[in-house]
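Asker: below is the structure, and that's it, no one-letter string:
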């Protein structure tokens, strides 16, 4: 693989460990070094190693087993018959010069070629010249940004909130962690969607919360199943606008049933609206929070999938009854205080209307790019792979009717440079529906879409 200067250390660790699983250096069932041991060996922060391990676990390469440690998944590739007699140590493999290119068809990555870089640079320069504060940032977020987010959400997503309800955090994980700090205790039960976004289960489990996988069908989370499995759960984490990863919206009867359950059980709902702006038929669906009259729904959003992931800015909207508790929690949180320069720039980006215009442009661009790639991927149909096109989102689901496991297909695609993911690995037990998840946002032309589809077909033997 060709080095690419500029990749982060955790990305290098992820790639190298994944490569060692693929080539058999790390065998199925083998225990990998602990976070502390590997961080000590490499002389880096434990959090850097943790980020790499979280990604490997989320993609199904590694499996956490509590106090026993972390192990190579049993579905990993068997070791090849022959390989180099001497394998470099992890320290030798991970160096600033050994950097990897981003994978093709990567999920969750906005169209970087369409980002308004000149406008952004002008806004950054303006804030720098204005001598933004060099003091410790406000734990709950820059007040003008909180106000701008509240105004946007009221207008565009139907969320009922004011600036004091908005807490700015460095990403979805931080939003979920902040919510757990206030709303949950170790041992509490939480519903999660199955299949669902892998980091949700990881963050909850890390905090000692008992995970309750709840099935998803064509209408979204099956609320009756959740109530039957664990009626006394304290939290339900859902993606109602565009279920992650299946792409179905939560039907209105399910929305009202979920809120009714939360009201009756005294439970909370965390609405992860990660890409709700992107709906290609009709208007974007209103937020689940807009139906909440009892203050049981917390609303989480992010700028990473609309602007760019390196921004590391997200937000959590909390009920009025718990504003004081979240203020106190944000003061003691390790995630508190996002860099103020970027907060001031995003506040201006929102207040001047650039954000709304950018979303409108991207909605039209993504609709075109989605259709181009979906059409090109019909080349996979003779091999038992069929694209499911939903009405929104930033990725496509390719369903598999093949007898071969989707994890094997994904490994072959990844070995060829694709960042596709196996759909089954998004279920807690790895036994969910079979298919592949592919991003389309950075496939610029129909010609490129056909070229990539042909390469993917060849890589997975379709």
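Answerer: Done, it's in. Keep in mind that what you see is a predicted model, and the values were worked out from it rather than measured.
Asker: other SSEs contacting the lengthiest strand in the chain?
Answerer: When the chain is parsed with DSSP state E, its longest strand is strand 210-217. Here strand 210-217 touches strand 189-194, helix 198-206, helix 223-229, going by 3 or more C-beta pairs under 8 Å, 6 or more residues apart in numbering; DSSP states H and E. For every residue, glycine as well, the C-beta is placed using N, CA and C.
Asker: let me know the average pLDDT across the second one.
Answerer: Right, the one you point to is helix 198-206. When pLDDT is averaged along helix 198-206, the result is 94.
Asker: the inter-axis angle of that helix versus strand 210-217?
Answerer: 160 degrees (axes from the mean of the first three to the mean of the last three C-alpha atoms, to 10 degrees).
Asker: relative to residue 314, which of the helices and strands packed on strand 210-217 is closest?
Answerer: Nearest of the helices and strands packed on strand 210-217 to residue 314, taken as C-beta to C-beta: helix 198-206 at 12.3 Å.
Asker: show me which residues of the closest one are buried.
Answerer: Neighbour-count burial for helix 198-206, counted by 16 or more other C-beta atoms under 10 Å, picks out 198-205.
Asker: switch these over to CSV; also include distance to residue 372.
Answerer: As requested, the buried residues of helix 198-206 are exported to CSV (distance: C-beta to C-beta, whole Å):
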residue, distance to residue 372
198, 28
199, 29
200, 31
201, 33
202, 33
203, 35
204, 37
205, 39
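Asker: right, and the helix or strand after the longest strand of the chain?
Answerer: Per DSSP states H and E, the first helix or strand lying C-terminal to strand 210-217 is strand 220-221.
Asker: which other helices and strands does that following strand contact?
Answerer: Secondary-structure packing of strand 220-221 (3+ C-beta pairs under 8 Å, 6+ apart): strand 235-238, helix 252-265.
Asker: closest to residue 139 out of those?
Answerer: Residue 139 sits nearest to strand 235-238 of all the helices and strands packed on strand 220-221, at 22.8 Å, using C-beta to C-beta.
Asker: mind giving me the domain split of the protein?
Answerer: 9-93, 117-354, 357-460 (automatic domain parsing).
Asker: out of the ones you listed, which gets nearest to residue 105?
Answerer: Among the domains of the chain, the nearest to residue 105 by C-beta to C-beta is domain 357-460 (4.2 Å).
Asker: pLDDT of that closest one, averaged?
Answerer: 95.
Asker: the chain should start at 59 in everything you say after this.
Answerer: Done: numbering now begins at 59, and the last item shifts to domain 415-518.
Asker: sorry, back to before: sheet-wise, list the partners of the longest strand of the chain with their directions.
Answerer: Paired with strand 268-275 in the same sheet, following DSSP bridges, are strand 247-252 (parallel), strand 278-279 (antiparallel).
Asker: for those strands, could you give me JSON lines that also reports distance to residue 472, mean pLDDT and mean neighbour count?
Answerer: Listed next are the strands paired with strand 268-275 as JSON lines, based on distance: least, C-beta to C-beta, whole Å; pLDDT from 0 to 100; neighbours: other C-beta atoms under 10 Å:
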{"stretch": "strand 247-252", "distance to residue 472": "23", "mean pLDDT": "98", "mean neighbour count": "25"}
{"stretch": "strand 278-279", "distance to residue 472": "29", "mean pLDDT": "96", "mean neighbour count": "26"}
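Asker: right, and the ones you listed - which one's nearest residue 476?
Answerer: strand 247-252 (24.9 Å).
Asker: for this structure, give me the ranges with low pLDDT.
Answerer: Along the chain, segments meeting pLDDT under 70 span 59-65, 116, 133-160, 189-190, 520.
Asker: quick one: the strands in it?
Answerer: So, for the chain - with DSSP E - the strands run 120-122, 128-130, 224-227, 247-252, 268-275, 278-279, 293-296, 326-330, 355-360, 372-375, 443-446, 453-458, 479-480, 493-497.
Asker: residues in contact with the third one?
Answerer: Right, the one you point to is strand 224-227. 198-200, 203-205, 207-208, 211, 233, 236, 371-376, 384, 388, 393-394, 396, 401 (C-beta atoms under 8 Å, 6 or more residues apart in numbering).
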